[in-house]
Each structure stands twice: as structure tokens, then as C-alpha cells.
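**Q** Kindly generate the corresponding structure for this input.
(chains A and B)
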Amino acid sequence: MVVIGLEIHAQLKTQEKIFCGCPTNYRDTEANENVCPTCTGQPGSKPMALNQKALDNVIKIALALQCELKRDILIQRKHYFYPDLPSGYQRTSKPIGINGKLGDVRIREVHIEEDPGRYELRKGTVDYNRSGVPLVEIVTEPDIKTPEEARMFLEELTAILEYLNARRDEPGSSRIDANLSIAGGTRVEVKNINSFKGVYTALMYEQVRQQNMIRRGAKVVMETRHFDEVSGTTVGLRKKETEEDYRYFPDPDIPPVLITKEMIEKVKKEIPELPRQKSERFVSDYGIKPDDAWILVSEIELANLFEDMVKEYKDKGQALASWIRGPLKKQLNYRNLLFKDSGLKKKDVVELFNEFSLSKITDDGMEMALIAMLDKKTSYADVKLALNLVKIDDTAELEGIVKEVISKNPKAVEDYRKGGGKSLNFLVGQVVKLTKGRADSRVVKELIKKKIG
Amino acid sequence: MPAFDIEKRLEQVIATIRKADPEVKAYVEVFDADAKDRVKEVKERIAKGKAGKLAGMVVSVKNNIAIKGKRMTCSSKMLETYYAPYNATVIERLEKEDAIIIGTTNMDEFACGSDTTHSALHWTRNPRDLGRVPGGSCGGSAAAVASDMCDASIGSDTGGSIRCPAAFCGVVGFKPTYGAVSRYGLADMAMSLDQIGPMASDVATAEKIFDVIKGKDKRDPITDVYKDKKGKIEVVGVPKEFFDGVDPKIASATKKAIQKLEKEYEIAEVSMPSIKYAIPTYYLLMCAEFSSAMQKYDGLRYGAAADRTKDLYQAFEVARGSNFGKEVKRRILLGTYITMKEFKESWYTQTLRARKIIQDEFNSILKKCDVLAGPAMPVLPWKFGEKLDPIELYSADILTVSANLAGLPAGVVPAGEVSGLPIAVQIHGRHFEDKSVLEVMKKLE
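**A** Predicted coordinates:
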């Protein structure tokens, strides 16, 4: 039996840092530009009041994860020495939300804390631009049973953070600590994993490593390990600090912040329909498959695209869902893009899908159009012209091309006649290639069969 | 009456510093050139009728308060080469009202001490008797005021750091209500107790400064609750426990001084039994907070430099080990131990409850009385080299720490002499009724 728990740190979307007025766009400026006495821990500096926007975001997240909210927010200091930590302690709150739930995974707590700076070990330099960027930490109970489940949980959580518009929207804005133990072993924590894929890889590696140890009769020790992204392995780091070493105590500079009814009411209004509910509604309202619905709602812009379009294609809900999940998502994934960052305009997508669904263009033509629209950032109308996508419906024209292909590939024709199905596909491919995707492969297949069958 | 010439006054102060400071050693640094430039500007503004409320007042500043571009040593080797990159809020407010900053004053290292002998820079002598300590931790500020090396000084008070040296040197010292003056720019000692306040040779000058530096500041959110409350003054309470363990000569001189108030107010003896918890409560909270405040000094960013060729943790150890003084280390170690216990909320949080008891008792007495009067220090300034163990030293704070624990305003005002050395009366008041405390202090002058 495998038991997995996760701690997710995500940077909250705010203009200003958590305890000072410095801007949070730490990647966009020269090192140590976005700093002040407070976020560099100068002697005599003081924290300003807790950033209200950050706080609103944390409350929003806690509510979306069905947590019970605490009455007030208590900031504590967690002490340790490291070059990226200018005060020698990190400010971190006591739990703000507790006993929440996402699917089958219980959420132990949600709290707020400050990000440290960025220390470059090899160069020996520190950039404090990031110091003081507000973070939410979400801690699960050890309710996850497989690395795959962990991946799915993180996917849903990411979607929720996106729906709430609560997370900084850039690479590296989330870091995850994952702990895993298997029956007969003990809890091992893998720290600072930077991507969700990384979490899956790290957990798979840990699961196998620990299983092997137990099989060999070795003892799994309680430790903290580091994930190496390149090799996909984990390495032992150091003896885990105990809570005692961090010397947590209430920050004397920051009085407790009351969570008021008004705050909660205001935040509640900003919580939209969440992915899980949206997905269920898509299934019931539009009769699409749950799997497809889930993919659609994974990105709010994609879900909105679907919902905008489905009104015009009422009877084709499933076809539309399949198309978005299939060809469109495939091209986006290939480019590692979200729909909102793809540059695709709704109008073009509508036109493309419309022509495709009316069989005005072929499967291949549709795919080529998508590729061109994504890579050349052009409108569908331009792509259609440039690629001459209109399907060849003239059978005589097609027959001519088929004839040409057959005469040029006698070996393939012979193989087909001997029963080689693959050769038929090859011949169809040749025709499609010659027509630059304008021939409907199903029609071509029939034509070839008729000719040489 | 001829107009007061602020330029002449500055020259006079600088001359006094040249003459007296080589012996008293109140200052860390004197900015005479800056001050002379500044006084000319202020003079011009006076001529134009645009001068600020403190025009020409010559003010020194305890060296744990940030003045942009000036060294902020906290009298520690750790910060001997640290130049503050910004101004404390109080410095901004003083300069806006045309005060002349004349220099920075010596103190116990990071404000840890009651006699300024824990300065890593040099000792400061008591101008009233050069063989004795000036008190601390603002020993430099009190000595500078007492020997007319400035008109006033800005100090900080965590457990009596303004009031102890003011009493020892025979000057006025005032610790405002916690939250009345922004601490932005004051190096942390114990954050729930630290407060900035003025020292001067008379109450009116101290009050003028207080009026300029007080008020809300978004860079220090504890000032959010600030308000200017005007309270009536009818009854002066004298808690009998304030005289327990006080040198009998000081006790009787203090009582005599307090009697002066009978003309105007009703004097009532009251009881404040919880004061016996004040010292342990104070030292436990202070050390815990102090150890946390000291975490940032690792030799990487500023001040004493850590050896970068060494392993990181070794480098921190050496930087801290060789640049902190003995008293600072003692308090860091005590505080580290206390905060290690805190993860079970066993000590610090418990002590906050004891603090609450003291606060409640003050508040209930201050329902019946409007201010409280008593002695400031239980002993006279001691001689250099007089052997005092830490516990004896800590006990000398018994009368001052409770104002910090309760967050109340408290001031000391000279009240004559005992054995040729100055003593003082201390007045406590209600939260944000700072002005009442100052008013009663004036009656004692």
C-alpha cells in the first residue's frame, strides 16, 4: 500500500509584495531592482500590514477547497539560516482554512507565507526580487494512493487556481513537496519539485526505490530528498529539521488579522463555477462524454470556447467536444500551449470548425490549417487561401491522380494484391500528399480499391 | 528680546562637544559639517517665515535609528561598517520640522544593557560623576543631553533604555505609548516592547519632539491604533510595591518629590502586586524576541563580512561568533532556548498570559487613578568596574519594564539628588494619554 501526501506552494497573484509595496514581477527586472529595506531585511525595517489582495486570494482558495475558515490570521516566524532569507526567518501564518476537501483527498490546511529570494549556489549570488512575494501553501492529508492520482489531483487543483485567478501566471510559480511511504517503510519527503510532471516522476521513482529496499530487507529511513529534474531521480539531502529547530513563534510585529464576515462575503462573490461542477454540467446539459468534459474544463478559456460555440452547434455538442479535445488539444499540447496563450481567435476557430463539420475541408486539411494558424499566427481565411484547402470533390480529377500514383508504385500495388493492407494506406498517403490534403482519404481509398482490387 | 540665533547655538553645541566629549564619549559620530550646512538652510526658512516647529533644535540620535547615508552601528562590531540606506520615520519627521541632526550616540550593543558598558565601541561616562556609568542603553543620549552637547536626543526604550539613563544623568526621558511613535528605522530589539522617545533637559522640549514624531505611519502598522486622547488628571496613584527593594534614601527622596503634587492632585496609595512578575516576564519575552531579531545578522549582506571561502554554515557561525559581544550572545542563547520550547506553545505563549495579568492590573488601577507616580531606578548609578552579576543588573530594571509590558506611556523627570547623584520620579499613564504624563512631569520640574 502506498500513501502519498502533497504540500503545494503557489505564488499568489498580487501587484505588491506581502509586507511591503515593492512590485511582484520579479522575473521582469534586473536582479535586486524590486527591493526595499523591508524585503531585504535591513536593520530597522518593519513589515507593513498584510497585503489584503493576497489575503483575499488565500481565503478564496480555502473556500474553493471547502475548508472551514479560522477566525483570524496569526503570522509566525520560522527561523533558519540561508542566503535567500534576508531576515533569517520566514513569515508564515498559522492555518487559515482547515479540514477541506478536493475530490477524495482531504485538505489538512491552507495558509499564507512569504517567498524567499533566489540564491544561485554556484555563482554565490542572491536576487531578492522574489523576497516577499506572497505564497499560498496547501497541505493534503496522505489520502493519495498512486503517483497517477497525485498527478490528477494536481491537475484539478491547478485548474481551480486558474479559475479563481488567484495564482501568478508564469513558470516556476508553483513548487511542490511530495511525501510517500509504503507499507513496511516510513515517510520520505521529496522537496522543491518545480512541475506537476516532476511530481509524478519523483513519486514513481520513490515508489520503486522504496519497494526495492523493502524487498531487499533494507530499512527505509525517514529523510528529506531532493528531486533531480534531469535524471528523474531523487537524492538524500540531509537529516530533516524538527519543528523545534525552526523555533516557530508569533511575530511580535504583526497583530492578528481578523477574518471578517464582509471579507468572506466579498470573496465568495468572486468564486466562479469550479471545474468539477462545470464538467458535470457539461455532461448533463450538452450530453457529452465525461472524459471529454473533463478535458474541456481543465482550462477555463477552453471551457468558455466550448460553451460559446456549442450554442450554435446544439446537435453537434459531442462532435465539437471531440474536436476540441482531439485535433485542437493535440496541436496545443504539442506546442506546450494553453488555449489562452495560443493566439487563436475564437472567430477563426469557429470558421475552421464550421467548414470541417460541414465536410468542406478534409481531416488533413483541417489539421494543416490549425498548424498554420498556430505557427504563423494567421487567420483562418488567410490560411484557407494560402493552402488552397477546399476539398477536391471532382471525382474525375481525383481519378487522374489515383491513376498516376498507381502507375508510379507498381511494387505497392503488387503487395496489396498479395494481401498487404499496409500498402493500401501507403498509396492513399501518396494521393493525399499530391493533393496537399485536399483529397478526402476515405474517398481515395475506395477509388484505389476499385481500380486495383 | 533679541531673536534666538540658531547658528550661534549650533556653534556653541559643537564647541561643547569638542571640549567635553573626549572625556564623556557620548557620541559615536558628530556631523558638524552637515549640521552647519543645514542650520543655514533653516535660518533662511526662518527669515521667510516658513520654518518648521523644531527650527534649529540640535538633536542627537541613538545609533540604532536609521539616518540615510550614516553609519548605524548599534554599538556592535557586527554593524560597525553598516551605512543605513534609508531614513527612519522619526528622522524624516524631525527633518521636516527643521531639527538639526548633530550626531549619533553611544549605547549598549543592540540595546542590551543598563549602563552602556556593553558598547563594542567605547564606554560613555556619566557627566555628573565621570567615575560612574551613565545608565543604558541610551547612555550616550543621556550623557549628551546632560552635558549640553545637544538640545535633545532621540532614544529607544524596550525595558527602560530611555528612562534609566535619563534618571542616572539627571535629564528628562519619555517613553510614549506603544504604537504612538513609528518604529520604522529602529533596529529591532524586542519588537512587542520597543518604542522610540525623546530625551531632553526639560519636559517642554521633550514634548515638542514627541508632538512631531508621534502619529500613524503605514510603514509601522502598530501605529494604526494611535489616537491622541485627552484625559483628566485628578488622582495620582502611588503603588506601594514600587518602593520594594528600592535604596531607602532614593525611596524617601522620591516620596518627598511626589508630595509636591499634593497641591494640585489627590494622592492615593494603591497596590500593584503583579509587579513581582515583571522581571521574569520581561526577560523571557525580550530574549525570545531578541534572538529572532538577531537572526538577520549573518555577515552576508551588510556589516561585518562572513568568510565566503568557508562552508556557508561555518561562515555564519564565525561571523556571529566573532562580532557579537558577550551580553548579546547570552540573550541570543537564552532566547533560542525559549523559542525552541515554543513549538508546543509552552513558554513564550505562557509568558504572554503573565503579561496580560500585568496589563490588566495596570488598567484596573488606572481606572481609579489617572496617573501613577513612583521611583525610576532602585539604585544610584554604579561605578565602573563595580561587580554586578547579570541577575543584579537585570533587577535594576524592575521599575521600568512594566510600562513596556503594559504598553503604557512613562516618563522620568529629575527629582533632586541623593549622595550628590541625580534621582528621578517616574510617571505612568493610560494608553495614548501621553500628554497627561507629560503634564504631571512638568509639575515636578
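
**Q** Only C-alpha atoms from now on, for both contacts and neighbour counts.
**A** Will do.

**Q** quick one: pLDDT of the residue lying closest to residue A:20 once chain neighbours are set aside?
**A** By the measure of C-alpha to C-alpha, 6 or more residues apart in numbering or on different chains, the closest residue to residue A:20 outside its immediate chain neighbours is residue A:48, 5.6 Å from it. Residue A:48 carries a pLDDT value of 97.

**Q** pretty sure residue A:48 belongs to a strand, no?
**A** No: counting by DSSP: H, G, I helix; E, B strand; the rest coil, residue A:48 is not part of a strand but coil.

**Q** Work out for me the element residue A:236 sits within.
**A** Assigned by DSSP states H and E, residue A:236 falls within strand A:233-238.

**Q** hang on, the earlier thing: which residues are in contact with the residue nearest to residue A:20?
**A** A:19, A:20, B:218, B:219, B:220, B:221 (C-alpha atoms under 8 Å, 6 or more residues apart in numbering or on different chains).

**Q** contacting residues around the strand holding residue A:236?
**A** Contacts to strand A:233-238, defined as C-alpha under 8 Å, 6+ apart, come from residues A:190, A:201, A:202, A:205, A:206, A:223, A:224, A:225, A:226, A:227, A:228.

**Q** among these, which ones are buried?
**A** Buried members of the contacts of strand A:233-238, counted by 16 or more other C-alpha atoms under 10 Å in any protein chain shown: A:190, A:201, A:202, A:205, A:206, A:223, A:224, A:225, A:226, A:227.

**Q** Wait, the fourth one touches residue A:228, no?
**A** No: proximity of residue A:205 to residue A:228 does not meet the contact threshold set by C-alpha atoms under 8 Å, at 10.9 Å.

**Q** Quick check: the farthest pair among the buried ones among the contacts of strand A:233-238?
**A** Taking every pair in those and measuring C-alpha to C-alpha, the maximum separation is 18.4 Å, between A:201 and A:223.

**Q** ok, which residues in the stretch 51-200 of chain A are in contact with chain B?
**A** Where proximity means C-alpha under 8 Å from any C-alpha of the partner chain, the interface of the stretch 51-200 of chain A facing chain B comprises A:79, A:81, A:83, A:86, A:87, A:88, A:89.

**Q** so what's the closest residue to the last one other than its chain neighbours up against?
**A** This points to residue A:89. With sequence-adjacent residues excluded and distances taken as C-alpha to C-alpha, 6+ apart, residue A:89 is closest to residue A:79, at 4.1 Å. Contacts for residue A:79 (C-alpha under 8 Å, 6+ apart) come out as A:88, A:89, A:90, A:245, A:246, A:247, A:248, B:292, B:295.

**Q** number of nearby residues for the third one?
**A** What that stands for is residue A:90. 23 (other C-alpha atoms under 10 Å in any protein chain shown).

**Q** OK, now which residue of the stretch 1-150 of chain A is nearest to chain B?
**A** residue A:44 (3.7 Å; C-alpha to the nearest C-alpha).

**Q** How far does stretch A:310-318 stretch from one end to the other?
**A** Terminal residues of stretch A:310-318 are spaced 9 Å apart (C-alpha to C-alpha, to the nearest Å).

**Q** And it, what's buried?
**A** For stretch A:310-318, the neighbour count (16+ other C-alpha under 10 Å) marks A:310, A:316, A:317, A:318 as buried.

**Q** The residues you listed also near chain B: which ones?
**A** Counting by C-alpha under 8 Å from any C-alpha, nothing from the buried residues of stretch A:310-318 sits close to chain B.

**Q** Between the residues you listed, which sits nearest residue B:11?
**A** Distances from residue B:11 to those, taken by C-alpha to C-alpha, are shortest for residue A:310, at 85.6 Å.

**Q** Kind regards, and thank you for your time.
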